[in-house]
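**Q** Fold the following for me, if possible:
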Amino acid sequence: MTIDANGMHYTPLNKMIRQAVASGVREIVINNVLGQRFIANGLRSNVRITINGVPGGDLGMFMSGPECIVRGDSEHAPGNTMDNGTIVIHGSAGDAVAHSMRGGRVFVRGDIGYRGGIHMKEYDQKRPVLAVGGTTHAFLGEYMAGGIIIVLGMGHEVAVKDRGIGSGIHGGEIILRGDIQDRLLGVGARKVTFTDGDLKRLSPLITEFCERIEVDPAPFLDTNYTRIIPASSRPFAGKYTWE
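**A** You can find the predicted model right below:
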């Protein structure tokens, strides 16, 4: 099924998508997308949605199952509280990418804005992934409670150069290509050595990401990474008053 979204308000567009999925459609192509919000919001299906253009905020919010392929950039918060499925963005994305994400994968070929991966979490076998080919801005992985963030830094001198990395992190891990200055770490975050065991564990994920964004994975399959993990399960315990 093909939809022309040129000039269409996001409400009727999303109604068309829901009706198509309910009728059994499993392949949807949406052309001329320009800022329409909430695409695939709350969908529970194995539908594949190809978006040609720039979707608006909260792409795939609460989504559980679909695959969204964006042939362009994306606005803020794609993957917000996503439960399962995959979002692949072949351009860049705005702030709060993967906000509160609890399952599935968000792959961004380019750069993302501020607070990527904020409040990401995991439970049992559900471990969400945010992978970024370019770089990110400040407060990456803020208050992170689970999941994996990977940043390759393609096209940049370093993977991340903004401050507050992992500020308040109390679960999960952040994997950054190359070395990262200590001054960029947020409260409660600490660096540990990226080992051969980490490479073996994460190589399938790095390979999958590179293949999905159409990049050769071979240059990234080594131990030239920095791994950032929580220094404590309660990084702000000292800021509370106890009786």
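
**Q** from here on, contacts and neighbour counts on C-alpha atoms
**A** Fine.

**Q** So what does residue 207 have for phi and psi?
**A** phi -60, psi -50 (degrees, to the nearest 10).

**Q** which regions of this protein lie under the pLDDT threshold?
**A** 237-243 (pLDDT under 70).

**Q** what ranges do the helices span in it?
**A** 10-22, 196-212 (DSSP state H).

**Q** So what's the gap between stretch 197-214 and the chain middle?
**A** Taking Cα atoms, centre = their mean, to the nearest Å, one finds stretch 197-214 lying 15 Å from the centre of the chain it belongs to.

**Q** got the buried residues for it?
**A** Within stretch 197-214, the residues scored as buried using 16 or more other Cα atoms under 10 Å are 199, 202-203, 206-207, 209-210, 212-213.

**Q** before we move on, what about stretch 25-43?
**A** For stretch 25-43, the neighbour count (16+ other Cα under 10 Å) marks 25, 28-43 as buried.

**Q** Just the C-alpha atoms of that stretch, please, in CSV.
**A** Output of stretch 25-43 as CSV, limited to C-alpha atoms (Å, rounded to 0.1, in the frame of the first residue of the first chain):
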residue,chain,number,x,y,z
VAL,A,25,-1.8,-4.8,5.1
ARG,A,26,1.8,-5.7,6.0
GLU,A,27,3.8,-3.3,3.7
ILE,A,28,3.1,0.5,3.7
VAL,A,29,5.1,3.2,1.8
ILE,A,30,4.4,6.8,2.8
ASN,A,31,5.7,9.4,0.4
ASN,A,32,6.1,13.2,0.8
VAL,A,33,6.1,13.1,4.6
LEU,A,34,6.9,16.5,6.1
GLY,A,35,6.5,16.8,9.9
GLN,A,36,3.5,14.6,10.4
ARG,A,37,3.6,13.4,14.0
PHE,A,38,2.9,10.1,15.8
ILE,A,39,3.4,7.8,12.8
ALA,A,40,3.1,4.2,13.9
ASN,A,41,2.2,5.4,17.4
GLY,A,42,1.0,2.4,19.5
LEU,A,43,0.9,0.0,16.5
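
**Q** Distance from that stretch to the middle of the chain?
**A** With Cα atoms, centre = their mean, you get 18 Å for stretch 25-43.

**Q** returning to that earlier point: next step: the buried residues of stretch 25-43 restricted to strands.
**A** Under the assignment DSSP state E, those contribute 28-34 to strands.

**Q** Now render the helices of the chain as TSV, adding distance to residue 64.
**A** Shown next, in TSV, are these (distance: least, Cα to Cα, whole Å):
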stretch	distance to residue 64
helix 10-22	13
helix 196-212	19
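
**Q** right, so of those helices, which gets closest to residue 59?
**A** Checking the helices of the chain against residue 59 by Cα to Cα gives helix 10-22 as the closest, at 11.0 Å.

**Q** now for the closest one, which elements pack on it?
**A** Packed against helix 10-22, as judged by 3 or more Cα pairs under 8 Å, 6 or more residues apart in numbering; DSSP states H and E, are no other helices or strands.

**Q** Residues in contact with it: which ones?
**A** For helix 10-22, contacts defined as Cα atoms under 8 Å, 6 or more residues apart in numbering pick out 5, 28, 36-40, 43, 45, 47.

**Q** one step back: tell me which of the helices of the chain sits nearest to residue 106.
**A** So among the helices of the chain, helix 196-212 is nearest, using Cα to Cα, at 9.3 Å.
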